[in-house]
Each structure stands twice: as C-alpha cells, then as structure tokens.
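Participant: coords please:
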Amino acid sequence: MAESPQGTPNDIFPFLGPTTISNANVSDFNALMYLPLYWFGGSGGSDNSVILNKQKSLAYPPVYSNGNKTVTINLKRYKWSDGTPVTSASVIFFMDIAKANKDQWGLYEPGHLPDNVATFQAHGPLQVVFNLTEPVNPAWFTANQLNEITPLPQEVWDKTSISGKVGNYAATAKGARQVYGFLASQATNLATYDTNPLWKVVDGPWSLSSFDDTGNLTFVPNRGYSGPDRPHLSEFKEVPFTADSAEFNVLLAGGAINVGYLPTEDLSQQGRLTSSGYTLVKSELSQINFLVLNYNNPSIGPLVRQLYIRQALQHVMDEQGQLKALLGGNAGGYAVYGPIPPKPPSPYMSDTQTPDPDPFSISAARELLTSHGWKIPSSGPAVCVKPGNGPQDCGAGIPAGKTLSFTLLYVSGSTYLQEEMADYKSDAGQAGIVFTPSSAPFNTVTSRIIGTCPAQSNQAACNWQVGTWGAGFSASLDAYPSGELIFPNLTGYTNATLQGLINATLQSPSPTALAKYSQYVSNLVPVIWQIATYNLNEVSTNLHGVVFNAIGNINPSDWYFTKS
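Facilitator: Below is the predicted model:
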C-alpha cells in the first residue's frame, strides 16, 4: 500500500503526543497492532457512515445509566499475542497513564477525558465502570471519548526501565509518569520498532516485522490474534513516497503497489491506470479542511483576531474555482464551509451550514478592508491608515503603517495543494493581502503549527503565521463533530460563546445543539475553509475485500487475492 507524502508513521506508542497524531500513525499503523476500545466507521459501500462498528470493536456497546453519568464497558474475549487475556486491567492501565500524563497526550482537552471521569474501576476481568463528573451525550462520549482509549498490555508495559521488572507502578501518579516517560522514550527510537520486545506484544491482527524511519514497514499476521477478522495475507507492506508524481509513475508501471491513490491532478489519466491493472475506488472521508491562523503570533495575531480580516481572507479563497480548475469540477473533491463534515451524508449535517457565508469575492474583501481603515495600493499589501478601535478603524493592536502580509506554510509533495496555495496567493493579492508561501514535509508542518505556540510568545516555534497540513481534519480523531479537538487544540482559537456551544453538544443529544454550534462557527470564520479531496484509491484488479470507510480506518485483514 502506498503511503501518502502527507505523512508516514513515526510513533508506535498508542498514547500519541500533539505532534504525532495523524492518520498515518492512528489508522495506518497503531490500530493494526493495538485495537482501540471502540472502532468507528462502516464497512464501505452503502454503509459508508460515521457509525460504531460493533463487529470490530474490542468491547460491546457501552451501557449508560444513572442519568448518563455512569458508563459500563464489557470487554470481548481477546488475547495479547503472548497469550495473556485483554482484561479490565488493560483499560485501567491506559486510564492511569492518561490521568497522570494528560498534558503529554495529543487528544487531551481540559475538562474532557480523563478529567470528566470521577472514578474508573474494574468489576471483574472483563468489565470496567466509569463514574462521570456530569451527565453526557452518549453519542458524543462513545464516539469522541471512549474511542480514544486503547487498552495497553499492563503485564508487559508497566515498568520504568528496559531491564526493570513489571510491577503496578502506574497505579500511582508518580509511577504512571515514570512508566509513561519510559515508554515514550522507547518510542523515540524508530530504529528498534521491529526488534524491541515491548512492541511485539499486540492484540490486533498484525504484528510489525520490519520498519525504517523513511516509512517503509512490513506487517505479518499476529498468530495469536483472537478477533473475528484474521488476516488472509501473509504480509502487508506500506511504502513511502515523497511526491504524488512519484507514486503515480509507480502505478503506471503496474504491479509494485496493490493499493495506491490517484493524485487529484491526474484524474484524466485513469484510463492508463486501468490498463496497468487497477480499479478506481472513490471514497468519501468524513473530514473538514482549513488553513490555521496563528492567533498567538506577535506579528499577525492582532490582524487575525479581527473578524472582518478573517472574512476577507475567506472571501479570497475561491473554492468552487479551485474545484473546477484543480479537481476536475467536483470529480476529485468538494467545498467546505463549516465545522461539520459535508461528506458522506450524515445525521450531523444541518441546513445552517449549507450556504457559503463568505462566498468568493475579491471586491467584497476589498470593501471590508477599505471600510476598516486600510489603503489598498495598485500592487503590494494593504496598509493600515486609520488605526484605532472604532467600527471604521483597523482594530485593536494594529498600528498605523501595518501591512497585510502573511507567510503561508503548507505540506510539500502534493501538486494540487501547491497549485491551490498559488491560486489563493494570486486571488488574495488582488485584494491587498500578500502571502509568501513555503512548503515542508508533513511531519515538519504539523510539528510547527499544532500546539506549540503559547500565547503572545516570541519563541521560534511561533514564527509561522498561516499554515495547512492539507490532509484535512478527519473523523478518525473526532467521529462526533462537536469541535472540542479543533477549538482550541488544533487551531488556537477559543472564546466563551464558542466553548459554551461546544459544551452543549457534549451534554445534549439534540441535533439543535450541533446546528447552533455549526452556524456560529461558519459565521465566525476562526479558520479559513478550503477544499477537501475525495480519496481516489487505486486497487489491483485481483485484490478483493478492499473497502474504505468514512473514518479513514483500513482493514487489510479483510483483503485477499484471487488468480484473476
């Protein structure tokens, strides 16, 4: 299977940090070896939805009681590859690690897991009971909280050094921090991923056979796997590419890749790939896509905190034009205008998000700027000529002479993304908004723009201004689209009203709560919405059982070859 140039696996410890959360690490790597407590996503085809997959989940559906303040989890009978059972101790071990090291956890949001769990206790070897601090929306808690739990092999990993004995260290906060420090340090040594005994104990269908730090990796079946979907294949390999064009050329040659992807800029070339033995399988990933604004950058923070400037930035993003010019007129992607994924159809989408609140209009962007104290020259950036806090002034913290100039960081390797950023720069320039684009590898971009910039900091990590990782924000991390991982974790943006609306979605199962949140965010423009792409998958004609669900999870244990 071809890996995307937008990221390769680089963290084997399932307690991922802020800079290593990606589909490459979650869906294409960790989840094949370490099963999440709950698996989301249908089986593809007509079942391409954001749903709880009861068959592939490690536990039976949770039971809510006590006014949705108590959650009872009953585990299925799985085993670790060393023959020991996956038990309630495996869940408790994860929770102990999370409770003591939450600030190191990329999925942590203050007030949420583990903060919202008052107590967690094992009731026998296969049952865990969570008593929560307040009532919850069961759909949200299952999809966005319980799905974040990955039971861990306590009988192997509960130690503080490679030569130390396994104990019960994680039961105390001090011990849990020591255990985490040990495991996290082991995970930084990518060269030992395929040899370290720690990573050999797995409960998923696959075990890692070989790995290198460029992204080449090989899985072999976990012979001790006790789940329902034992692998048919003798090996499953993932191979890296630094650019879409390189992967496409390998597809054209035929045979070296069994599951690849069609770069969106090569949609017209599908006939050549059919001749090379591939079938195009288009799938919809439940995702949104956006450019992140660095509100804490000392130079551009005062600019992007102004609503009218964010609206102007959105007005010069020509999503429909880019779809037509870059993605074959909707054949390869779709527009995104708000925080609820527009594809595939789901019960979460509301009519309040359907219209485009800031449609493409260079003249509208110019009007917003000139009516707020900016002078737009015939070329170059607009200049603030009317500083101040009034309704027709530039806004708080924006001095006279300040220009609308931004650096724009994006992920390298994708031709369509490069062209999209060039188009955005061109259109923005006509409104007096000047972008200076630059590209870098996926892991470099995400390490810069996610969670590394404290408020009003002058540190080097805050030098970035506007950025995008290009791959969107996927439901594999947030299946219920309530936004708590996006605001402020991924974007740095928050305010009291927004947090109140998000909190309402976490407590109420009513679709009205999601609709109010969606409408508010669409009008607030806390990020700059950009087009999202379909997954254009190329599958060898003799490989079967390959489906792609809306969450982005892959199930290579279901795949099998035939002779023709």
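
Participant: Residue 51 contacts residue 40, correct?
Facilitator: Yes - between residue 51 and residue 40 there is a contact under CB atoms under 8 Å: 6.7 Å. Glycine gets a C-beta too; all of them are placed from N, C-alpha and C.

Participant: which of those two has more neighbours?
Facilitator: Higher neighbour count among residue 51 and residue 40: residue 40, with 26 against 17, using other CB atoms under 10 Å.

Participant: Backbone dihedrals for the more buried one, both of them.
Facilitator: For residue 40, the backbone dihedrals are phi -110, psi 150 (criterion: degrees, to the nearest 10).

Participant: quick one, what contacts it?
Facilitator: Counting by CB atoms under 8 Å, 6 or more residues apart in numbering, residue 40 makes contact with 50, 51, 52, 53, 143, 147, 475, 476, 479, 551, 553.

Participant: what's the first-to-last distance across stretch 293-305?
Facilitator: Stretch 293-305 has its terminal residues 9 Å apart, counting by CA to CA, to the nearest Å.

Participant: what's that stretch in contact with?
Facilitator: The contact list for stretch 293-305 (CB under 8 Å, 6+ apart) reads 309-310, 313, 395-398, 402, 404, 406, 449, 453-458, 462-467, 491-493, 526-528.

Participant: in it, what counts as buried?
Facilitator: Applying a neighbour-count criterion of 16 or more other CB atoms under 10 Å, one finds 293, 294, 295, 296, 297, 300, 301, 302, 303, 304, 305 buried in stretch 293-305.

Participant: What about those, which are in strands?
Facilitator: Among these, the members found in strands (DSSP state E) are residue 293.

Participant: Need the buried residues of stretch 293-305 in CSV (columns: distance to residue 20 and pLDDT).
Facilitator: Formatted as CSV, the buried residues of stretch 293-305 follow (distance: CB to CB, whole Å; pLDDT from 0 to 100):
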residue, distance to residue 20, pLDDT
293, 23, 96
294, 20, 94
295, 23, 93
296, 22, 89
297, 23, 91
300, 27, 95
301, 26, 94
302, 32, 96
303, 30, 98
304, 27, 97
305, 29, 97
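
Participant: closest to residue 317 among the buried residues of stretch 293-305?
Facilitator: residue 293 (12.6 Å; CB to CB).

Participant: Counting neighbours, which of the contacts of residue 40 comes out on top?
Facilitator: Of all those, residue 551 has the most neighbours under the rule other CB under 10 Å, reaching 29 neighbours.

Participant: Distance check, that one against residue 371.
Facilitator: To residue 371, residue 551 is 44 Å away according to CB to CB, to the nearest Å.

Participant: what's near enough to touch residue 151?
Facilitator: Residue 151 sits next to 34, 35, 37, 58, 75, 86, 90, 91, 93, 94, 203 when contact means CB under 8 Å, 6+ apart.

Participant: For the fifth one, which non-adjacent residue is spatially closest?
Facilitator: This means residue 75. Leaving out its chain neighbours, the residue that sits closest to residue 75 by CB to CB, 6 or more residues apart in numbering is residue 126, at 4.5 Å.

Participant: How many residues are close by the closest residue to residue 189 other than its chain neighbours?
Facilitator: Closest residue to residue 189 apart from its sequence neighbours, by CB to CB, 6+ apart: residue 196 at 7.5 Å. As a burial measure, residue 196 scores 15 neighbours (other CB under 10 Å).

Participant: Please tell me how far the lowest-mean-pLDDT helix or strand in the chain is from the chain's geometric centre.
Facilitator: In the chain, no helix or strand scores lower on mean pLDDT, DSSP states H and E than strand 473-474, which sits at a mean of 77. Counting by CA atoms, centre = their mean, to the nearest Å, strand 473-474 is centred 4 Å from the centre of its parent chain.

Participant: need the contacts of residue 40 in a markdown table with pLDDT, can you?
Facilitator: Listed next are the contacts of residue 40 as a markdown table, based on pLDDT from 0 to 100:
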| residue | pLDDT |
| --- | --- |
| 50 | 73 |
| 51 | 79 |
| 52 | 87 |
| 53 | 88 |
| 143 | 92 |
| 147 | 93 |
| 475 | 66 |
| 476 | 65 |
| 479 | 84 |
| 551 | 84 |
| 553 | 85 |
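
Participant: Looking at the residues you listed, which one is closest to residue 344?
Facilitator: Distance to residue 344, by CB to CB, is smallest for residue 50 among the contacts of residue 40, at 8.0 Å.

Participant: in the stretch 251-400 of the chain, what spans have low per-residue confidence?
Facilitator: Across the stretch 251-400 of the chain, the ranges flagged by pLDDT under 70 are 354.

Participant: check which helix or strand covers residue 536.
Facilitator: strand 535-540 (DSSP states H and E).

Participant: Parallel or antiparallel, list what pairs with that strand.
Facilitator: For strand 535-540, the pairing partners within the sheet under DSSP bridges are strand 259-261 (antiparallel), strand 278-283 (antiparallel).

Participant: Buried deepest among these, which one?
Facilitator: strand 259-261 (a mean of 22; mean count of other CB atoms under 10 Å).

Participant: who's in contact with the next helix or strand along the chain from that one?
Facilitator: As assigned by DSSP H and E, the chain's next helix or strand after strand 259-261 is helix 270-275. Among residues not part of helix 270-275, those counted as contacts by CB under 8 Å, 6+ apart are 251, 252, 262, 280, 538.

Participant: Let's see that with 10 Å instead.
Facilitator: Contact with helix 270-275 is made by 248, 251-252, 254, 260, 262, 266, 278-280, 331, 536, 538, 541, as judged by CB atoms under 10 Å, 6 or more residues apart in numbering.

Participant: Below-threshold pLDDT in this structure: ranges please.
Facilitator: Low-confidence segments of the chain (pLDDT under 70): 42-49, 354, 451-452, 455-461, 475-477.

Participant: just to revisit the earlier point, for the contacts of helix 270-275, which two are the farthest from each other?
Facilitator: The largest distance within those, taken as CB to CB, falls between 254 and 331 and amounts to 23.3 Å.

Participant: and for residue 51 and residue 40, which residues touch both?
Facilitator: With CB under 10 Å, 6+ apart, residue 51 and residue 40 have common neighbours 143, 479, 549, 550, 551.

Participant: For residue 519, see how far away the nearest residue to the third one once chain neighbours are set aside is.
Facilitator: Nearest residue to residue 549, sequence neighbours excluded (CB to CB, 6+ apart): residue 41, at 3.4 Å. The spacing between residue 41 and residue 519, counted by CB to CB, is 27 Å.

Participant: Just the ones of the buried residues of stretch 293-305 in helices?
Facilitator: Counted as lying in helices by DSSP state H, out of the buried residues of stretch 293-305, are 301, 302, 303, 304.

Participant: ok, of those residues, which one's closest to residue 29?
Facilitator: Checking those one by one against residue 29 (CB to CB), the nearest turns out to be residue 304, at 34.0 Å.

Participant: coming back round to it: which of the shared contacts of residue 51 and residue 40 fall in helices?
Facilitator: Using DSSP H, those in helices are residue 143.

Participant: Please, where are all the strands along the stretch 201-350 of the chain?
Facilitator: Along the stretch 201-350 of the chain, counting by DSSP state E, counting those that start in this stretch, strands occupy 206-211, 217-221, 236-238, 259-261, 278-283, 287-288, 290-293, 333-334.
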